[in-house]
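> Give the three-dimensional model of this entry:
(one chain, ligands or ions: 1)
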Amino acid sequence: MGVDVLLGLQWGDEGKGKIVDFLAPGYNVVCRFQGGPNAGHTLKFGGITHVLHQIPSGIFRDNIQNVIGNGVVFDPVIFKNEVEKLSEYNIDLNKKLLISKRATLILPVHRLLDSAMEASKGKDKIGSTLRGIGPAYQDKIGRNGLRVGDILAQDFKKRFHHLTNQHLDMLAYLKFEADHKESEAKFFESIDFLKKFQLMDTEQFINTAIEEGKRILAEGAQGSLLDIDFGSYPFVTSSSTMAAGACTGLGIAPSKIGEVFGVFKAYCTRVGSGPFPTELQDETGEQLRKEGAEFGATTGRPRRCGWLDLPALKYVVTLNGVTQLFMMKTDVLNVFEKIKVCTHYKLKDGSMANTLTYESLNQDVEPVYRTFDGWGNLEVNEATTFDLLPAQLVKYILFLESELKTPINIVSFGPDRSQTLVRK
Ligand code: IMP
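Purely as a prediction, here's the structure:
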């Protein structure tokens, strides 16, 4: 039995948290493999909304081991806050959560650097969540980083100060002033807190679990269009958000990957800067934002909204080897009389592209749309089956499936666990 991978196929915020929580009872282990607290995975059940940043979305289910893998950049201060928020739910986190000793630590100075570098970019800023993600990955790749396992070393404080001082020099060069002392004290408090958890070689745990035939789900963060290699560079995050990232971010062989679940919204959103061919800067975009409550779960920023972008989806379905698609937030489109889907881009030289290319990412392209009739209001609950859906919606789903050459096996109609239609 392999490791199934669940990925966002757009610019993040596709609803991965909800689906991981929904699927979790079918798994023994749920793992995060990349990203860090830039993620905000929202789960809703029993009338309560939970937002998880670093802790995997399987945490609320019984009998599931949750793993923070080596590919994650880990902020101990945010982790402590997250754990404290969960304290009222009686979850035995010391037992249910394993943290890789190889995960890279986000230091307070990484956050400051993130802000300083964004400020220095002026109008070209990336729109980072400012959680220190880029600078922490820079230290990892530059072979300077500190890792979770290092907190147990005698000389951890010395190494912390050595690295921090190097970065403070950089901050001085960038003329970025900030008081570092207070955040340093909080950091060491949270390091002591972290020591109480199970810090280990999670790759060993995962590979043993595979051998024992356990079912494992790898929970992607952000989305494929924010991937460091294949996203709209430089307006991307600093990790491999694609299926391959699960191998390096957990320590598993490609041959161990089973299903690849691709999660996408029935329309598109993006936070931060960068190309967004189908963006709607008009009343329709405003309506999508309002109906979809499109405001960031981590930063609260309003998300940019637009119609579904098939060329981009086709590209990442191929690169990820997606085997099943899950369409989210379908209910948000209920209010629209006409619904558009971008099928091609018209490039500056007049040629058409039906997938993403280096050229299409680096110029303003004109989206070419196909228009569908809306399906009106519909209520979906546990009793709803696919054949009870309105014909217009079925037409929309079948069109996307035929274009993407991949089945859409889950259609979601709201944030709650119960508003999820599984196609048999
Ligand atoms: P960073 O990863 O915080 O540096 O942000 C880089 C880009 O990715 C920015 O445009 C962010 O808005 C975007 N981003 C990062 N994490 C998420 C996420 O979880 N959802 C949506 N966008 C994200």
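
> just the strands in the stretch 301-424 of the chain please.
304-306, 308-309, 324-328, 338-346, 352-353, 366-373, 408-412, 420-422 (DSSP state E, counting those that start in this stretch).

> Same question for the stretch 101-250 of the chain.
104-105, 198-200, 216-219.

> The longest one near the ligand at all?
No. On the criterion CB under 6 Å from any ligand atom, strand 216-219 is out of touch with the ligand, staying 11.9 Å away. Where you see a C-beta, it was placed from the backbone N, CA and C, and this is true even at glycine.

> can you give me the mean pLDDT across that strand?
Averaged across strand 216-219, the pLDDT comes to 97.

> for the first one, same thing?
Mean per-residue pLDDT for strand 104-105: 98.

> what's near enough to touch the residue of the chain at minimum distance from the ligand?
Residue nearest to the ligand within the chain (CB to the nearest ligand atom): Gly272, separated by 2.1 Å. Residues near Gly272 by CB atoms under 8 Å, 6 or more residues apart in numbering: 11, 126-129, 235, 301.

> Counting only helices, which of those make the cut?
Applying DSSP state H to those, no entry is found in helices.

> What about the ligand: which of the residues you listed touch it?
Okay, of the contacts of Gly272 touching the ligand (CB under 6 Å from any ligand atom), that's 11, 126-129, 235.

> measure Asn63 to Arg304 for me?
Asn63 sits 40 Å away from Arg304, going by CB to CB, to the nearest Å.

> The contacts of Gly272: which two are farthest apart?
Phe235 and Arg301 (14.5 Å; CB to CB).

> So in the chain, which helix runs the longest?
The chain, longest helix under DSSP H: helix 156-173.

> Quick check: buried residues in the worst-scoring helix or strand of the chain on mean pLDDT?
Least confident element among the helices and strands of the chain, by mean pLDDT, DSSP states H and E: strand 41-45 (a mean of 84). Within strand 41-45, the residues that count as buried by 16 or more other CB atoms under 10 Å are 41-44.

> before we move on, what about stretch 196-216?
197, 199-200, 202-203, 205-207, 209-210, 215-216.

> picking up where we left off before, quick one, which of Asn63 and Arg304 is more surrounded?
Arg304 (23 against 10; other CB atoms under 10 Å).

> Which residues are in contact with that one?
Per CB under 8 Å, 6+ apart, neighbours of Arg304: 269-271, 276, 279, 285.

> Of these, which belong to helices?
Gly285.

> Pull the most distant pair out of the contacts of Arg304.
Val271 and Gly285 (13.8 Å).

> For those two, indicate the residue with more neighbours.
Val271 (23 against 20).

> my guess is Leu378 meets Val394, correct?
No. Applying CB atoms under 8 Å as the test, Leu378 and Val394 come out as separate, 11.5 Å apart.

> What are the boundaries of the helices in the chain?
16-23, 76-86, 93-96, 108-121, 133-141, 156-173, 181-194, 202-211, 243-250, 283-291, 310-320, 358-361, 391-404.

> What's the local residue count around Asp4?
20.

> Was I right to think Leu333 contacts Lys340?
No. If you go by CB under 8 Å, Leu333 and Lys340 don't touch, sitting 10.2 Å apart.

> of those two, who's got more company?
A direct count of neighbours by other CB under 10 Å for Leu333 and Lys340 places Leu333 higher, at 21 against 18.

> Report pLDDT for the more buried one.
Looking at Leu333, the pLDDT reads 97.

> roughly how far apart are it and Leu388?
18 Å.

> before we move on, what about Ile257?
Distance from Ile257 to Leu388, by CB to CB: 34 Å.

> Between the two, tell me which one has more neighbours.
For Ile257 versus Leu388, the count of surrounding residues by other CB under 10 Å is larger for Ile257: 19 against 11.

> mind listing what that one touches?
2-5, 243, 246-247.

> Confidence-wise, which of these comes last?
Among these, Gly2 has the lowest pLDDT, at 86.
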